[in-house]
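J.: Based on what follows, work out the 3D shape:
(one chain, ligands or ions: 1)
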Amino acid sequence: MTPQGAPGAGAALTDGRATLADLKALVARFIAERDWQPYHTPRNVAVSIVLEAGELLEHFQWSPPAPDEMTPERRQQIGEEMADVLAYLLSLANVLDLDLAAALDAKMRKNRRKYPVERCLGHWEKPKNPEGGAGVE
Ligand SMILES: [Mg+2]
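T.: Prediction:
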């Protein structure tokens, strides 16, 4: 919860001022105020994440602009789609009672083992183990 009170009720949230818990509470409150919890099943929310990700991808279809070619309006539209994806991701974490920060931390630790810097620096290919078999898992 932000120092200003209920999520979304005080000063505008920013990356520097909001915690993941603040954002999860913001989304949960929005859903609860509308009594939409019955619709936020894990399946429905997971589907919604993908649908919103598709809307985000539409902004890069056909002629993807370079970052320095983005107009303020386009950046705002992309930000809104990113927010849609994030909102549903946070909602899924709420529905599943999942600690998203802990999940990200665990996944990044796993990724560090899977993609060690000394074997992956400057290229994206999945590293093969020294015996030439499948990549590290
Ligand atoms: Mg959208």
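
J.: How about the residues of the protein by the ion?
T.: Within the chain, the positions lying close to the ion (Cβ under 5 Å from the ion) are 52, 55, 81, 84. Just so you know, the C-beta spots here come from the backbone N, C-alpha and C atoms, and that holds for glycine as well.

J.: Just the buried residues of the strand or helix carrying residue 73, please?
T.: Element membership of residue 73, judged by DSSP states H and E, is helix 72-95. Within helix 72-95, the residues scored as buried using 16 or more other Cβ atoms under 10 Å are 77-78, 81, 84-85, 87-95.

J.: Setting aside sequence neighbours, what's the nearest residue to residue 77?
T.: residue 59 (6.5 Å; Cβ to Cβ, 6 or more residues apart in numbering).

J.: Got the confidence number for that neighbour?
T.: Here the pLDDT value assigned to residue 59 is 89.

J.: didn't it look like it was pressed against residue 76?
T.: No: the pair residue 59 / residue 76 is not scored as a contact, 10.9 Å apart, by Cβ atoms under 8 Å.

J.: Going by distance to the ion, which of the buried residues of helix 72-95 wins?
T.: Nearest to the ion, judged by Cβ to the ion, of the buried residues of helix 72-95 is residue 84 at 3.8 Å.

J.: Look up how far residue 54 lies from the closest one.
T.: 10 Å (Cβ to Cβ, to the nearest Å).

J.: Can you mark which positions in the lowest-mean-pLDDT helix or strand in the chain are buried?
T.: Sorted by mean pLDDT, DSSP states H and E, the helices and strands of the chain end with helix 117-120, the least confident at a mean of 91. In terms of neighbour count (16+ other Cβ under 10 Å), helix 117-120 has its buried residues at residue 119.

J.: Contacts for it, please.
T.: residue 127 (Cβ atoms under 8 Å, 6 or more residues apart in numbering).

J.: Surely residue 63 is within a helix?
T.: No: per DSSP: H, G, I helix; E, B strand; the rest coil, residue 63 lies outside any helix segment and is coil.
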